[in-house]
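Chemist: sequence first, predicted model second:
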Amino acid sequence: MKLRIFLPIILCLLLTACSGGNTEEYSYDFFAMDTFMSLTAYGKNAEKGVKAAAGRIAELTLMLSVTDENSELSAINRVGTAEVSGETAELIAFALDIADKTDGALDPTIYPVLRAWGFTAEENRVPAPEELSALLENVSHERVQVDRNTVTLGEGMMLDLGAVAKGYAGDEAERILRENGITSALINLGGNIQLVGTKPDGTDWRLGLKDPAGAGNVGVLTVSDCAVVTSGSYERCFTADDGTVYGHIIDPTSGYPADNGLLSATIIADEGRLCDALSTALFVMGKDRALDFWRENKSFDVILITDNAEVLITEGIADKFQLDSAHGNLTVKVID
Ligand code: ADP
Ligand code: MG
């Protein structure tokens, strides 16, 4: 079986140049949370802020990794209960709350199934249907208890924060940059983008939204002061012997990778962890459920790209999106 991991560079910055003339700029590229990250800040404390934010992300990587046996998450998974830091307990409680609100489309207890597909190992494989149904018995966000700092799982269960950790790391990076007096910065955590303020010249950032079906960008988002997070199965996936492509986002109702007509789901909101959680959840839900969920909540914006060449974009962000001229085959529909 051939392993194919696409590095998740979903959104790329089109204009990085500092146009403020003599504004100080400091960039730092590094690898954390299993992906490439890049922090760029502007202004007097740019270097100090970026180094502090990168240090914080390194700490979170050690704390939240599901594969590092010294992480707090592994401590819970090893014996089914552990006392963890308030921060880890709070992030688990957040993931469980979104799991509840999305009727389990996001489920941080999906890990045993994800592992069976080999997504955290060297080799991917296609588990047998009976294996998946047995593993799904142990998937239920409702059977996780968080009591202050003590997290307890039901029998046979395991937790994974892969769907929210990068978003939370973005929030923490933003907090630290701001604490250091930074008012203009671009945080790119493997395609999860978090924007601090505007570009140093006061104009909005221009983000390319990658075409999940091919090369280039489907369009450009012109935004500031927000998080922009995309989930799609094209980024980390593998091709089985029969040619089927399987992605790393699992539908907890079936145990199979979500495959419902969506190529990507992008969420735009203030908070990175919310965007991250919802991009995964809405990708699992598929178009109709995702749009219903948006209509019931509306505290965020969404861009869905479907396999029948539609770009569905919610009204709050529609005028900030410009379709790429080479993607004229796509139909943009504004959702209200
Ligand atoms: P990425 O990490 O590539 O940016 P996501 O934020 O969508 O993408 O997270 C996908 C990760 O979340 C998977 O690698 C896995 O660790 C985990 N995961 C997969 N399916 C689910 C699910 N239904 N609910 C919660 N976590 C999931
Ligand atoms: Mg996510």
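Modeler: That came in fine, so what should we check first? Ligands and ions are numbered 1, 2, ... in the order given.

Chemist: drop to CA atoms for contacts and neighbour counts, all remaining ones
Modeler: Will do.

Chemist: and the next helix or strand past the helix or strand bottoming out on mean pLDDT in the chain?
Modeler: For the chain, counting by mean pLDDT, DSSP states H and E, strand 11-13 ranks last in confidence among helices and strands (a mean of 48). Later in the chain than strand 11-13, the nearest helix or strand by DSSP states H and E is strand 25-32.

Chemist: list of residues touching that following strand?
Modeler: Applying CA atoms under 8 Å, 6 or more residues apart in numbering, the contact partners of strand 25-32 are 18, 36-43, 46-47, 50-51, 57-58, 61.

Chemist: do it and ligand 1 meet?
Modeler: No: Strand 25-32 stays clear of ligand 1 (CA under 6 Å from any ligand atom), getting no nearer than 11.7 Å.

Chemist: who does the helix or strand following that strand pair up with?
Modeler: Next in sequence after strand 25-32, counting helices and strands by DSSP H and E, comes strand 35-42. Applying DSSP bridges, strand 35-42 is found paired with strand 25-32 (antiparallel), strand 184-189 (antiparallel).

Chemist: with distance to V139 added, can I get those strands in a markdown table?
Modeler: Below are the strands paired with strand 35-42 laid out as a markdown table (distance: least, CA to CA, whole Å):
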| stretch | distance to V139 |
| --- | --- |
| strand 25-32 | 27 |
| strand 184-189 | 28 |
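
Chemist: how about those, which one is nearest ligand 2?
Modeler: Nearest of the strands paired with strand 35-42 to ligand 2, taken as CA to the ion: strand 184-189 at 11.7 Å.

Chemist: now check that closest one, is it near ligand 1?
Modeler: No: figure legend: strand 184-189 not in contact with ligand 1 (CA under 6 Å from any ligand atom); closest approach 8.6 Å.

Chemist: close to ligand 2, is that strand?
Modeler: No: using CA under 5 Å from the ion, strand 184-189 stays clear of ligand 2, with a minimum separation of 11.7 Å.

Chemist: tell me the angle of the next helix-or-strand element following that strand relative to strand 184-189?
Modeler: For strand 184-189, the following helix or strand on the C-terminal side (DSSP H and E) is strand 192-196. Orientation check (axes from the mean of the first three to the mean of the last three CA atoms, to 10 degrees): strand 192-196 against strand 184-189 gives 170 degrees.
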